[in-house]
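S.K.: for reference, the sequence and a predicted model appear below.
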Amino acid sequence: MRTALVLSIASASLLAACGPKNAPPPQPPITEAPPAEPAPEPVAPIPEGWFAITPQLVVPDIDAAIAFYGTAFGAQPVMSMPGPDGKTMHAEVKIGDSLIMLEAESPDMKSPKTLGGTTAGLMIYTPDVDTAFQSAVDAGATVKMPVADMFWGDRYGVVIDPAGHQWSLATHTEDLTPEQMAQRAPIAAKARPKGKKPLAGKKLAKIEAEWKAIAGTPAAAPVPEGYHTVTLALTVNDAASALAFYTGALGGTEMARMPRADGKIEHAEVKIGDSILMLNDEDPTWGAKSPKTLGAAPVMVHHYVTDVDATFGKAVGAGAQEFMPVGVMFWGDRYGGVVAPDGYAWGMATHVEDVTLEQMKERMKTEMAAAEAGGAAPAGGGDGTPASDQTPPGPPPAPAAAAGK
């Protein structure tokens, strides 16, 4: 075929050269085509400033929460989205290098205050835990555990914020080898005898002196390598199974596992993308309850990935329960939601389009109007630009009740 085409073109050329020399017919003037539009910049699937894992907290009053987190932890407001009633329905703040999403409480999403407790905590590493702890208390937080030296090498304390969320504040003070950590752990565990109140006073001081005798080296930095400013910690009813799900379905890497005497897991860490996620089995003596015990979870997980369809499919295939199929959303993400086997809702997303806050608001109004009319408006598209570094709003969180299933 290709040879025949070449021969045909050659014959036509010869006829033109040897045929009559009549003047060619007049030709229309040549006009230049308008320059082509430049190709759009490649989409950044994970927007600048975001990590693989972002905590999503349900609070009774978003504006009050923003004010508290600003005073207590130095949080900076990033964006807020009003609902149809004019009240803030979604907001984002930044603490250090970490974004936190805030969702307004509703009948389907309950805060720790309404649930009567929480199932998760947030750990903040800070250069001066004592000062940070006092700032949180002065801002209205309640002390759960005073600041003290811990066997794992942190100076550490725990507070509860006015919405009921738990925050652990820490400064890393000592670097330990895995062997030293393993030696210290059973000694420190004696301070919390099973079925009894934790030790205090001279008895506690004696145990602390015993594990401190296994000395590490002064910490190289107040924030351990690999951690962000804020790290999410989840209490689950079966930490070993949760670790299997997060490593298998989400491609995480197990970083640490500290077993209890009863075979349960006291503490574990798994790295998913660029983020570390902490896990522990529930412990009634410490008030640590899982979503399956509490009946819901006031904390959700937003997970940015490069291929949401593939990640979503693997999660569902590994036992996660779908609550929202993958689709393009008005804020510029391709997004879907699942409830993991441990009861936590995960919003999984790949960023596909940059959308300004004004465009988001207009799109949301269009979608709500279509929903009220019984129709369906397109979730995205139309006015946005290819994704670069704009901050998108968060996804609609899963119904809290789904976490208890």
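M.R.: Received it, and whenever you're ready, just let me know what you need. Residues are numbered from 1 along each chain as shown.
S.K.: can you tell me the centre-most residue of this protein?
M.R.: Nearest to the mean C-alpha position of the chain, counting by CA atoms, centre = their mean, stands Thr54 at 2.0 Å.
S.K.: for the host helix or strand of it, packing partners?
M.R.: Taking DSSP states H and E as the definition, Thr54 sits inside strand 53-59. Counting contacts by 3 or more CB pairs under 8 Å, 6 or more residues apart in numbering; DSSP states H and E, strand 53-59 packs against strand 98-104, strand 230-236, strand 299-304. From N, CA and C alone the C-beta is placed, and that goes for glycine too.
S.K.: those strands into CSV, with extra columns for mean neighbour count?
M.R.: Converted to CSV, the helices and strands packed on strand 53-59 look like this (neighbours: other CB atoms under 10 Å):
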stretch, mean neighbour count
strand 98-104, 24
strand 230-236, 25
strand 299-304, 26
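S.K.: mind giving me CSV with the ones you listed and columns for mean pLDDT and distance to Lys203?
M.R.: Compiled in CSV, these are given as follows (pLDDT from 0 to 100; distance: least, CB to CB, whole Å):
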stretch, mean pLDDT, distance to Lys203
strand 98-104, 97, 38
strand 230-236, 98, 27
strand 299-304, 98, 35
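S.K.: before we move on, back to that, what lines up beside the strand holding Thr54 in the sheet?
M.R.: Strand 53-59 has these partner strands in its sheet, going by DSSP bridges: strand 98-104 (parallel), strand 299-304 (antiparallel).
S.K.: select, out of those, the one closest to Met348.
M.R.: For Met348, the closest of those is strand 299-304, at 5.0 Å, according to CB to CB.
S.K.: before we move on, the earlier item: can you redo the helices and strands packed on strand 53-59 as JSON lines with distance to Ala261?
M.R.: Shown next, in JSON lines, are these (distance: least, CB to CB, whole Å):
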{"stretch": "strand 98-104", "distance to Ala261": "34"}
{"stretch": "strand 230-236", "distance to Ala261": "18"}
{"stretch": "strand 299-304", "distance to Ala261": "28"}
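S.K.: can you pull out the low-pLDDT segments for the chain?
M.R.: The model of the chain has pLDDT under 70 over residues 1-42, 375-405.
S.K.: ok, which stretches of it are helices?
M.R.: When secondary structure is read from DSSP state H, the chain shows helices at 2-18, 62-73, 112-115, 129-138, 178-189, 201-212, 239-248, 291-294, 308-317, 357-372.
S.K.: and Met150, which of those is closest to it?
M.R.: Closest among those, once you apply CB to CB, is helix 178-189, at 7.9 Å.
S.K.: so the closest one versus helix 201-212, what angle?
M.R.: For the pair helix 178-189 and helix 201-212, the angle between their directions (axes from the mean of the first three to the mean of the last three CA atoms, to 10 degrees) equals 170 degrees.
S.K.: helices and strands around helix 178-189, which ones?
M.R.: Right, helix 178-189 is packed against helix 201-212 by 3+ CB pairs under 8 Å, 6+ apart.
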